[in-house]
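Novice: requesting a structural model of the entry that follows:
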Amino acid sequence: MHRNLTDITAIVSGLDIPESVQADVLRVYRLIAEAESHAHNRPVEEVHFHEVGSMDAVADITAFCLILSELAPEKVLASPVRIGFGDVHCAHGILPVPAPATAWILRGVPVYAGNIRGELCTPTGAAILKCFAQDFCTLPQMQIEKIGMGCGKKDFEQANCVRAMLGETPDSQETILELSCNLDDMTPEALGFAMEEILAAGAVDVYTIPVTMKKGRPGFLLTCMCREGLRDRILRTIFLHTTTIGVREKICNRYTMKREIETLQTAEGEIRCKTSSGWGTRRTKLEYEDLARIAREKGISLFEAASLAGQTKT
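Specialist: The predicted model follows:
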């Protein structure tokens, strides 16, 4: 049975799982649908899933999203993706590796063929990596706490396995890139759109500072921070959406506090609370969107909403 995105949405919406997990599952399927739409040059609504539309595939994707939600890692890292080479037999016939949908999904992700003939990364696996991995890099320095491993059914010259490790990095320190450029010929609307696209491409942060440029012209210094594995994707986004013809790069050390999100049950409904700790400091902050919802519903200020929630901003 071939299902479309509407069918998958109906199935997932009927599952007894948290809404956040349902949203994650549908995010994966939406990306696969967009890839298939591009491959077949048809609207997303007309795309029919073949292998990934089976109930086994729905179960696999849902299980992954549910487990990731339970683990709630602060950061998800993945190695560069080995995709294999050769061809693959599927519902559309014989296709080159990577299959068109897989290749589309993996745009901006570091990949390599390796030495194994065959399909080593499917559209499902590619979509999961693209949706949840925040960086693609070698294994960072970390204290490993738990290890999980799964094995595929196909036999290759090497072990057909995928492995996940859960652990902590020391002192919440990481190396990060700072990319910047000067702009004096963009409208505020265009610059705001560019910043949104840079964030969507995976930047950690992006901001502008008013500056005075050549000939006394007012302009902006656009700066964004990103992880090394996303450098090329962010650079392409900057050059595509801004008028700059050059970008500067600095390598910085970044120190962060450990962040956790807890859902509080209050008389006004569920309110998320962010806790930041480390470096001898601990602070909490109620989620703005949740406080804003209460404030709008009751016609009160954010401060009053925080007070109603039983906790003030600290």
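Novice: when you work out contacts or count neighbours from here on, use the C-alpha atoms and nothing else.
Specialist: Noted.
Novice: so how far is residue 19 from residue 293?
Specialist: In this view, residue 293 and residue 19 are 18 Å apart by Cα to Cα, to the nearest Å.
Novice: more crowded one of the two?
Specialist: residue 293 (15 against 12; other Cα atoms under 10 Å).
Novice: biggest helix in this protein by residues?
Specialist: Assignment by DSSP state H gives helix 19-40 as the longest helix of the chain.
Novice: which other helices and strands contact that one?
Specialist: helix 5-13, helix 55-71, helix 100-105, helix 123-132 (3 or more Cα pairs under 8 Å, 6 or more residues apart in numbering; DSSP states H and E).
Novice: what's the next helix or strand after the third one packed up against?
Specialist: Following the chain from helix 100-105 toward its C-terminal end, the next helix or strand by DSSP states H and E is strand 111-112. Counting contacts by 3+ Cα pairs under 8 Å, 6+ apart, strand 111-112 is packed against strand 81-82.
Novice: now do the strand it packs on: distance to the chain's middle.
Specialist: 17 Å (Cα atoms, centre = their mean, to the nearest Å).
Novice: what does stretch 231-241 give?
Specialist: Counting by Cα atoms, centre = their mean, stretch 231-241 comes out at 17 Å from the chain centroid.
Novice: pull the CA atoms of it into CSV?
Specialist: Only the C-alpha atoms of stretch 231-241 are listed here, as CSV (Å, rounded to 0.1, in the frame of the first residue of the first chain):
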residue,chain,number,x,y,z
ARG,A,231,31.0,26.1,7.6
ASP,A,232,30.3,25.5,3.9
ARG,A,233,26.6,25.5,4.2
ILE,A,234,26.6,28.7,6.2
LEU,A,235,29.0,30.4,3.7
ARG,A,236,26.7,29.4,0.8
THR,A,237,23.7,30.8,2.6
ILE,A,238,25.5,34.1,3.4
PHE,A,239,26.6,34.6,-0.2
LEU,A,240,23.2,33.6,-1.5
HIS,A,241,21.1,36.0,0.7
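Novice: now do that stretch, average pLDDT.
Specialist: Averaged across stretch 231-241, pLDDT comes to 94.
Novice: what about residue 94, how many residues nearby?
Specialist: 11.
Novice: residues contacting it?
Specialist: The neighbours of residue 94, taking Cα atoms under 8 Å, 6 or more residues apart in numbering as the test, are 87-88.
Novice: which parts of stretch 263-271 are buried?
Specialist: Of the residues in stretch 263-271, residue 271 count as buried by neighbour count, 16 or more other Cα atoms under 10 Å.
Novice: residues contacting that stretch, please?
Specialist: Contacts for stretch 263-271 (Cα under 8 Å, 6+ apart): 272-273, 286-287, 290-291, 294, 308-310.
Novice: make a markdown table out of the helices and strands packed on helix 19-40 and add mean neighbour count and mean pLDDT.
Specialist: Listed next are the helices and strands packed on helix 19-40 as a markdown table, based on neighbours: other Cα atoms under 10 Å; pLDDT from 0 to 100:
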| stretch | mean neighbour count | mean pLDDT |
| --- | --- | --- |
| helix 5-13 | 16 | 88 |
| helix 55-71 | 15 | 89 |
| helix 100-105 | 21 | 92 |
| helix 123-132 | 20 | 93 |
